[in-house]
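**Q** Model the structure of this input:
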Amino acid sequence: MPPDARHLVRLTAGWALLADFIPLYAVYALLFADHGMSDAQISALFALWSVVGVLAEIPSGAVADRFTRRSSLVTSGVFQAAGYLTWLAQPSFAGFAAGFVLWAIGGSFVSGALEALVYDGLAADGVADRYAEVYGRISALGLLTQVAATALAAPLFVVGEYRLVGGVSVAACLASSLVAARLPEPLRAGGGDDEDDRGYLTLLRTGIKDAASTPAMRTAIVAVGLLSGVDAFEEYVPLLARNWGVPTGATPLATIGIPVVAALGAAYAGRADRLRPPVLGAMLGAGGFLLVAAAIAARPAGLIGVTLFYGLYRVVWVVAGARLQQEIESTARATVTSVAGFGTELAALLLFAAWAIGGLPLTAAGVLLLAAALPRWLKMAGRRDAREGA
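**A** Residues are numbered from 1 along each chain as shown. Below you'll find the model as predicted:
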């Protein structure tokens, strides 16, 4: 890999280490429950998180295209830190809601900007074909960082309860912003530096228009949006563990295998990028059946099925995201990617509703339906590559 691309990958990996070192992830659903929130209220908070994300997703992508993807990542860390501080200062439904609004805005600044920065950086050095490998490894590194953060959550909770867990998480967010400020801003694939001279609204319209430009593009965006929305299921894992008999203090350790196996799946995505769509659909389908088995078991051992599901899911998710990036020819890459992120937030809302209605069994059924449709969608998204290779 060329030196400039290696430098970008190293700094992005450093950013991922800090951005994902959030011990609060392991216990924040329990924080809500321990401050009197019911399952319905917790689902309402998650839904608010997604609604704000829906509203902020595409506009924030256009901000990254109009200015810099680097500044978007800096902004993200600051907003997320503010959200966690709000939870600690006001542990009530209103405080949790305000924190989720800030977190949703911060998260929207990552979505689209990160993928665009990595892809354009690789494309500038002629190695765009390694995007699945690189993004998969960055994703894997972030997930492994979550393992360390999850392991640290238990002793931090023993020493200082939620305040200490949250304080460490806030510090990590702010540190990630400092690293993001050092990221290089590569020449954008398909355009030049003069693209930055276009107005915000022009870039916003361009990105939205390009996202709907071809059936293959629309299909890739739908596939990535729905797949990414499945990840919202992770928000319920600590509650599942508790309902299946895992003590609160042991929950972080009981779920620590999930990011480890998910990281292995993400790291494998570079090789899996060569797999045919039916194979990828079968992998996701196998994960769906593992969720069904876990729901039937309804005991701590069921977490094994949930863990294996996440490994298979991450392989498919990274590959689908890579194929979307390959399909994009627009200079408003972050905005186009954020359109898929918009779909992610809508899919997450559907998942939250499914969980409120039918819990894990209904969620697993949704995954199986998605697995059945995925091969056809991925075939359509890959037709441009087939035409170019002909």
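**Q** how about low-confidence regions in the stretch 51-200 of the chain?
**A** Low-confidence segments of the stretch 51-200 of the chain, defined by pLDDT under 70: 187-198.
**Q** please redo it, this time with the cut-off set to 50
**A** 192-195 (pLDDT under 50).
**Q** Can you read off the pLDDT for the residue nearest the centre of the chain?
**A** Per CA atoms, centre = their mean, the C-alpha nearest to the average position across the chain is that of Ser228, at 6.4 Å. Looking at Ser228, its pLDDT is 90.
**Q** The one 5 residues further on now?
**A** The score at Phe233 is 86. That number is its pLDDT.
**Q** Contacts only, for it.
**A** 351, 355, 363 (CB atoms under 8 Å, 6 or more residues apart in numbering). For every residue, glycine as well, the C-beta is placed using N, CA and C.
**Q** repeat that with 6 Å
**A** By CB atoms under 6 Å, 6 or more residues apart in numbering, Phe233 lies in contact with Thr363.
**Q** i'd like the first residue to be 29 from this point on
**A** OK, 29 is where the count begins now, so the last one is Phe261.
**Q** which SSE is Gly105 in?
**A** Here Gly105 sits within helix 97-117, counting by DSSP states H and E.
**Q** Name the residues that touch that helix?
**A** Counting by CB under 6 Å, 6+ apart, 92, 123-124, 126-127, 130-131, 133-134, 137-138, 141, 144-145, 191, 194, 197-198, 201-202, 204-205, 208-209, 211, 213 sit against helix 97-117.
**Q** about what we covered before: okay, the closest residue to the residue nearest to the centre of the chain other than its chain neighbours and Ala251: tell me how far apart.
**A** In space, Ser256 comes closest to Thr372 once its chain neighbours are excluded; the distance is 3.9 Å by CB to CB, 6 or more residues apart in numbering. Separation of Thr372 from Ala251 (CB to CB, to the nearest Å) stands at 11 Å.
**Q** Any buried residues in stretch 135-147, and which?
**A** For stretch 135-147, burial by neighbour count (16 or more other CB atoms under 10 Å) applies to 135-147.
**Q** repeat for stretch 274-288
**A** Buried-residue list, stretch 274-288, by 16+ other CB under 10 Å: 274, 279-280, 282-288.
**Q** Stretch 331-349 too?
**A** 331, 333-349.
**Q** So which of the residues you listed sit within helices?
**A** Among these, DSSP state H puts 331, 333-349 in helices.
**Q** which outside residues touch stretch 193-203?
**A** By CB under 6 Å, 6+ apart, stretch 193-203 touches 46, 49-52, 105, 108-109, 112-113, 116, 181, 184-185.
**Q** Select from these the one having the most neighbours.
**A** Gln108 (28 neighbours; other CB atoms under 10 Å).
**Q** Distance-wise, check that one relative to Leu379.
**A** With CB to CB as the criterion, Gln108 and Leu379 are 21 Å apart.
**Q** now do Tyr53
**A** Per CB to CB, Tyr53 is found 17 Å from Leu379.
**Q** neighbour count winner among the two?
**A** Of the pair Tyr53 and Leu379, Leu379 is the one with more neighbours under other CB under 10 Å, namely 24 against 20.
**Q** any idea how far whatever helix or strand the more buried one lives in is from the chain center?
**A** Counting by DSSP H and E, the element that carries Leu379 is helix 361-409. Between the centre of helix 361-409 and the centre of its chain there are 13 Å (CA atoms, centre = their mean, to the nearest Å).
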